[in-house]
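Undergrad: Need coordinates for the following:
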Amino acid sequence: NGGLSWDDIYGAVGMNTGLPHIDHHDLCFLPEDDDIFYLGCDGGVWYTDDQGDTWEALDNLANTQFYRIEIDYLNPWRIYGGSQDNGTIVSATGTLDDWHMIQNGDGGPAIVDYTNSDIVYVTWFGFPIYKSNNRGASFREVMNGIDLSDSSNIEVVPLEMDAHDPRVLYYGTNRVYRSTNGAEYWQPISPTLTQSWSFLTAIGLSSSDDQVVYAGGATGEIWVTSDGGVNWHWIDASLPNRWVTRVAVDPEDAAVAYVTLSGYEMTAITTPHIYRTTDYGTNWVDISSNLPDAPINDVIVDPFRTETLYVGTDVGVFRSNDIGGHWTSFGSGMPINVVTDLDYHPPTRMLVAGTYGRSIFKTTTEPATRRAPRRVMPGGAKVHESESDP
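TA: Predicted coordinates:
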C-alpha cells in the first residue's frame, strides 16, 4: 500500500535459525512472479518463493567476504581466513567442502606460529586478540598491557609476527605494541602515530633487521623506527593522504619498502596506489606504471627474486618482474574482484588470494620443483642451504 504499513518477513535475528544472515545488501525480484525474490547478505544468497514466509540458503556459492587470509607454514594445505560477519574460518585441506568456523564475529587477521601449528592468533571486531594452543579448538583473550581506550580500526587491526622469533608479535591501535612472549603481555613501543580520530592500518616488519618497523595509518600516516621503537620518524610527507593498506619490507634490505594505498579519485587527477622507497622513506617513487587506477590492498615481495612483486587490487592480482616498471594481470581462473589480501608460501611457491565476496583462490607462482640456493622462512628471512635443496 505504498509504504503506509509494513509486514516483518524476516523474523528473529540469530545463527542457525533457518532465516537469512544479518547485514543485508541487495534484493532481486523476478518480474514474472513477485512471490520469488533473492536476498544478498553477509551470509551469501538466500531465496524465497513465498514473499519471505520461508527462506532457503543457496549455500553452494563461494561468496564469503574475506578480510585476511593465512597459510599455515608447516601445513600449507591448511588455510585460515578472517571474514565479514562469518568469523575466522579454516580449511584443513584447502578444498571447497571442509571449512569450519573457529571464532565468530567479524574476523580480522589470523596468524599461525610457523614453528608450531597448534598456536593460532585471531582478531575480531572491537579489536581484541585471541590465542589458541590447540589449532582453534578453544581460545582465550590476550590483551594484557593494551590500553583499550586507544583508537583502532574496529574490524581489521594490524597484527604481525616476527620472521625470526614467533613469540615476538606486533599490534597496532593508534600506536604500535610489541609482545615478546607470545601475546601474554604487550608493551607500547611508539607514541601515538595518528591523528586523534585515526588509527594504524598496517605494520611492516623487516626480516633482515628486527629493529626496523614501519607503520601506516588510515589518513596516510607512515612512520619508521630503526632502533626497535626508541625513535620514530615521520616519512609520509610526499605521499597522498590515503588509507594505507599495507607496508611490505624487502626481505634483503630493510631500507627498501613498499606502501600500498586505497581510495578513488573524484577528479580527473590520477593518484598512484603503490610507492617504493630505498632509503627508509626519505624519498618515495611511484611504481604504479600501467596498473589500473584502482585501490591496491596488498603487496608481496618475491623472496627468491625481490624485483618481482605481486599486488592484490580491487580488480584482481597483478605481477611485475621489474620492480613496478610494468605490470601484467597474473594467473587465470579468477573473476575480476576485490582482492583484499595475499599470502605466499615460499617452499611450495603457492600464492593465495582472499577476495571480498568471491571467497579464496590459490595458484603457484612457478613450479615447486625449481631449485633455489636458499630456504625462505616466513616474512622472507633466508637461511643458506646447499644448491641441491629446493
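Undergrad: Pairing partners for the longest strand anywhere in the chain, with directions?
TA: Longest strand in the chain, counting residues (DSSP state E): strand 33-41. Strands that pair with strand 33-41, judged by DSSP bridges, come out as strand 24-30 (antiparallel), strand 44-48 (antiparallel).
Undergrad: Which residues does that strand contact?
TA: 20-30, 45-52, 55, 58 (Cβ atoms under 8 Å, 6 or more residues apart in numbering). Every C-beta, even on glycine, is put in place using the N, C-alpha and C of the backbone.
Undergrad: Just the buried residues of that strand, please?
TA: 37, 39-41 (16 or more other Cβ atoms under 10 Å).
Undergrad: And the helices in this protein?
TA: Secondary structure of the chain by DSSP state H: no helices are present.
Undergrad: Against I79, how distant is the residue nearest to the spatial centre of the chain?
TA: Centroid check for the chain by Cα atoms, centre = their mean gives R68 as the closest residue, at 3.3 Å. R68 is 11 Å from I79, where distance means Cβ to Cβ, to the nearest Å.
Undergrad: Please apply the same query to Y185.
TA: 30 Å.
Undergrad: pLDDT below threshold where in this protein?
TA: Along the chain, segments meeting pLDDT under 70 span 11-17, 268, 367-377, 379-390.
Undergrad: on that earlier part again, more neighbours: which of Y185 and I79?
TA: I79 (27 against 15; other Cβ atoms under 10 Å).
Undergrad: Hmm, the more buried one is touching E70, no?
TA: Yes - judged on Cβ atoms under 8 Å, I79 makes contact with E70 at a distance of 7.2 Å.
Undergrad: could the buried residues of strand 33-41 go into JSON lines alongside distance to D209?
TA: Formatted as JSON lines, the buried residues of strand 33-41 follow (distance: Cβ to Cβ, whole Å):
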{"residue": "F37", "distance to D209": "57"}
{"residue": "L39", "distance to D209": "51"}
{"residue": "G40", "distance to D209": "46"}
{"residue": "C41", "distance to D209": "46"}
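Undergrad: Quick one: residues contacting G136.
TA: Counting by Cβ under 8 Å, 6+ apart, G136 has contacts 88, 90, 102-103, 120, 122.
Undergrad: from those residues, which is closest to F361?
TA: V90 (16.7 Å; Cβ to Cβ).
Undergrad: which ones among the contacts of G136 are found in strands?
TA: Among the contacts of G136, the members falling in strands (DSSP E) are 88, 90, 102-103, 120, 122.
Undergrad: now those residues: which count as buried?
TA: Buried among those (16+ other Cβ under 10 Å): 88, 90, 102-103, 120, 122.
Undergrad: which one of those residues is nearest M334?
TA: V90 (21.4 Å).
Undergrad: distance of the closest one from Y80?
TA: 5 Å.
Undergrad: before we move on, the earlier item: of the contacts of G136, just say which sits nearest to G357.
TA: Closest to G357, out of all of these and judged by Cβ to Cβ, is T88, at 17.5 Å.
Undergrad: I'd like to know the beta-bridge partner residues of the closest one.
TA: G82, Q103.
Undergrad: how close does it get to E70?
TA: From T88 to E70 the distance is 9 Å (Cβ to Cβ).
Undergrad: Find the residues that touch each one of those two.
TA: Counting by Cβ under 8 Å, 6+ apart, the shared contacts of T88 and E70 are 80-81, 110.
Undergrad: Surely W197 touches N153?
TA: No - counting by Cβ under 8 Å, W197 does not reach N153; the two are 11.7 Å apart.
Undergrad: Around T267, how many other residues sit close by?
TA: T267, neighbours per other Cβ under 10 Å, totals 6.
Undergrad: do P295 as well
TA: By other Cβ under 10 Å, neighbour count at P295 equals 21.
Undergrad: same thing with P346?
TA: 22.
Undergrad: same check, this time on T278
TA: 15.
Undergrad: Begin at 17, not 1, for the rest of this chat.
TA: Right, with 17 as the first residue, what we last looked at is T294.
Undergrad: Skipping its backbone neighbours, what lies nearest Y54 in space?
TA: C44 (4.6 Å; Cβ to Cβ, 6 or more residues apart in numbering).
Undergrad: The one you found and Y63: what is the separation?
TA: From C44 to Y63 the distance is 10 Å (Cβ to Cβ).
Undergrad: the more surrounded of those two?
TA: Y63 (14 against 10).
Undergrad: hmm, back to that, roughly how far is the longest strand of the chain from the heart of the chain?
TA: 32 Å (Cα atoms, centre = their mean, to the nearest Å).
Undergrad: Can you show me the CA trace of that strand as CSV?
TA: Output in CSV follows, covering the C-alpha atoms of strand 49-57 (Å, rounded to 0.1, in the frame of the first residue of the first chain):
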residue,chain,number,x,y,z
ASP,A,49,6.5,-13.8,-10.2
ASP,A,50,6.7,-11.3,-7.3
ASP,A,51,6.4,-14.1,-4.7
ILE,A,52,10.0,-15.0,-5.6
PHE,A,53,13.0,-12.9,-4.7
TYR,A,54,16.6,-13.3,-3.7
LEU,A,55,18.5,-11.6,-0.9
GLY,A,56,22.2,-10.8,-0.9
CYS,A,57,23.7,-10.6,2.6
